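Asker: mind looking at a prediction? Sequence and model below.
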Amino acid sequence: MSAATAARSPRDGAVLPRLLAGIHAAEPVTLSEHLGRLGPLPPGLWRQAPGLIELVEASGLRGRGGGWFPAGDKLRAVAAQGGRPIVVVNALEGEPVSGKDKVLVRHAPHLVLDGAVAAAAALGARRALVAICEDAGPEQHSLATAIAARERAGTDEGISLSLARVPAGFVSGEETALVHFLNGGPVKPTARPPLPFERGIAGAPTLVQNAETMAHLALIARNGPAWFRAVGTDTEPGSTLVTLSGAVRNPGVFELAIGTALSSVIERAGGVNERPSALLVGGYFGTWVPAVRAESLRLSEVDLRRVGARLGAGAITVLPGSACGVAETARVARYLARESAGQCGPCVHGLAAVADSLTRLTGGERVAGERADGPRELERLLRMVEGRGACRHPDGAVGFVRSALEVFSQELELHVRGKRCDPGASAILPVPRKERT
């Protein structure tokens, strides 16, 4: 993934990028380079008023892992539990169309680690873990090298930094699944209380934030909430990292002010290389949006909700008009069914049935006794799955498929009439081939 070049944000003339400033393609930013540009974290910031938690609350920073929950509220909830908390940086990024956290931990590891250290100090924690996929070799190397350099320099006195290698998978980055694994269990979400902020790793209150959120936190600790709010909107301040892929000339990771028009976002990637039919916004738990509707939208949770979409982890894929949206959706639905945590029938059997039905539609086929109206049958299956899962995985998959039924209704009608597409031939949306064990 490529990083963004400097640009002017639409508000107050503030310069972007922030998170991606100073990085270079060849090697990660070293500790000396990092400190030379930003200086150390301010000493004692978390022990005076206002402390780090108050600064983060005033900044309006929301978590960039997909849920957009207020970061200050999460910090305060952990702090309210008392005891000795543990901090976890979630850098797993199991979303196949997202690459922003990989860019950060590979190229700017010290910014992410600064955020973890600042959060740990604010909460009185002595341990901070960075959870990384076990097959993410370059990112592991970058983080391990950075942690070793900080240990030699003594930059994080009293706080221990370490790596936790986690099996790759779509659900691995789900907060409760990650904590369950770090406690010695399988990588599966847990629906019952207590939640990680109450009792997480080894029974301690546990703060889990994704890598981008931690990087923002490190800059807020240095520059304050007013600086953070100098870009973005009043209700959704700051910048965010966006992974652009599909029918754009220069796919990659870009840093943009929240509130930027989606048309401008695509221009940052060199524009489209083929007339698009739709955009997938928010990744594989996201929403298909017709290209004509996307032209008037902004990079904003508030704006995207008008069309039933969410920014999520900041992944936007532009689907070219030559690709079949039904076939693309079928491939991803099969992948999501395969990635089930295996904890409940709606997920294990329901998602498999949805994927089977979509695959048959893509091939212009029906099995004996199946209703002729494929889309209605699909909707029936989606209603059987929705709201009945042991975790959010089934609902995320249902939302993705349901948006396809609406956006690609004309294509679906053609498939009902016998149009055939090879569900394995289209490859705009990447699907990891390795099956989980």
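Answerer: Cool, got the structure.
Asker: how near is the residue lying closest to L92 once chain neighbours are set aside to R64?
Answerer: Computed as Cβ to Cβ, 6 or more residues apart in numbering, the closest residue to L92 that is not its neighbour in sequence is G173, at 3.9 Å. The C-beta positions use only the backbone N, C-alpha and C, and glycine is treated the same way. Here G173 is placed at a distance of 13 Å from R64 (Cβ to Cβ, to the nearest Å).
Asker: between these two, which contacts overlap?
Answerer: Counting by Cβ atoms under 8 Å, 6 or more residues apart in numbering, the shared contacts of G173 and R64 are N210.
Asker: L35: what's it in contact with?
Answerer: H110.
Asker: and the one 4 residues further on, by the same measure?
Answerer: When the contact criterion is Cβ under 8 Å, 6+ apart, the partners of G39 are R222.
Asker: what's the spacing between the closest residue to G259 other than its chain neighbours and A257?
Answerer: Distance criterion Cβ to Cβ, 6+ apart; nearest residue to G259, sequence neighbours excluded, is T233 at 4.3 Å. Here T233 is placed at a distance of 8 Å from A257 (Cβ to Cβ).
Asker: then E339?
Answerer: Distance from E339 to A257, counting by Cβ to Cβ: 33 Å.
Asker: isn't H24 right next to R106, touching?
Answerer: No. H24 is beyond contact range of R106, at 11.4 Å (criterion: Cβ atoms under 8 Å).
Asker: quick one: T329 is in a strand?
Answerer: No. Applying DSSP: H, G, I helix; E, B strand; the rest coil, one finds T329 to be helix, outside a strand.
Asker: which sections of this structure are below the confidence cut-off?
Answerer: 1-13, 45-49, 364-373, 423-426, 434-437 (pLDDT under 70).
Asker: nearest residue to the middle of it?
Answerer: With distances taken as Cα atoms, centre = their mean, A313 lies nearest the centre of the chain, 2.9 Å away.
Asker: hmm, who's touching stretch 347-355?
Answerer: 330, 333-334, 336-337, 340-342, 378, 381-382, 384-385, 388-391, 393-394, 397-398, 401.
Asker: filter the residues you listed down to the ones in helices?
Answerer: Counting by DSSP state H, the part of the contacts of stretch 347-355 found in helices is 330, 333-334, 336-337, 378, 381-382, 384-385, 393-394, 397-398, 401.
Asker: now the buried members of those residues.
Answerer: Buried by 16 or more other Cβ atoms under 10 Å: 330, 333-334, 336-337, 378, 381-382, 384-385, 393-394, 397-398, 401, out of the ones in helices among the contacts of stretch 347-355.
Asker: so E339 and A257 - more neighbours on which side?
Answerer: Between E339 and A257, counted using other Cβ atoms under 10 Å, the more crowded position is A257 (27 against 22).
Asker: that one pairs with what?
Answerer: Under DSSP bridges, the beta-bridge partners of A257 are S239.
Asker: which residue, other than its chain neighbours, is closest to A341?
Answerer: K188 (4.6 Å).
Asker: sorry, back to before: which member of the ones in helices among the contacts of stretch 347-355 is positioned nearest F197?
Answerer: H393 (21.0 Å; Cβ to Cβ).
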